[in-house]
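1. I'd like to go over a predicted model; first the sequence, then the structure.
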Amino acid sequence: MPAPLGKTPTKKMPKIEVFGLGDSQPTRAAVRFFRERRVVVSFVDLSKKPIEAAELRRFVSRLGDAALVEAANLTPNGGGILARVRSDPRLLRLPLVRYGDDVTAGPAEATWTAWLARRTR
């Protein structure tokens, strides 16, 4: 993980939450992407703390089951998939990133850049 930002963050900072695994390269890349742009990131390591069911439902409602699932053999079947990915976060397409009501699953630097550009206008 990159070093913390210290005591002097930028003035207009969005609240970015990154859900992922500490040993996941795409998750580390997402955290690094925001920190390089001086944005404070709230990182939730899913290996230490499982994602809340309500938070997971927020991602599912906006992106759909298929967009969140990494494993090809795991078929979306409604509520059953939520319990399976909460117990095994490696089934998710990581990182899950949230900025307000906007969410992404997987590496999405173009979307993240648009979020930051929208925030600074």
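-> That came in fine, so what should we check first? Numbering: from 1, shown residues only.

2. Report how many residues lie close to L91.
-> The criterion is other CB atoms under 10 Å. On that basis, L91 has 17 neighbouring residues. All C-beta spots, glycine's among them, are computed from the backbone N, C-alpha and C.

3. That one and A83 touch, don't they?
-> No: using CB atoms under 8 Å as the test, L91 is too far from A83 to be in contact (11.0 Å).

4. residues contacting F43?
-> If a contact means CB atoms under 8 Å, 6 or more residues apart in numbering, then F43 has 1, 17-18, 20, 31 as its contacts.

5. Which of those ranks first by neighbour count?
-> Of the contacts of F43, G20 is surrounded by the most neighbours, 25 neighbours in total, counting by other CB under 10 Å.

6. follow-up on the earlier one: of the contacts of F43, which belong to helices?
-> Of the contacts of F43, the ones assigned to helices by DSSP state H are V31.

7. Return the subset of the contacts of F43 lying in strands.
-> The subset of the contacts of F43 located in strands under the criterion DSSP state E comprises 17-18, 20.

8. Of these, which is the nearest to E52?
-> Distance ranking of the ones in strands among the contacts of F43 against E52, using CB to CB, places E17 first at 11.2 Å.

9. Residues in a beta bridge with that closest one, which ones?
-> Beta-bridge partners for E17, by DSSP bridges, are S42, R98.
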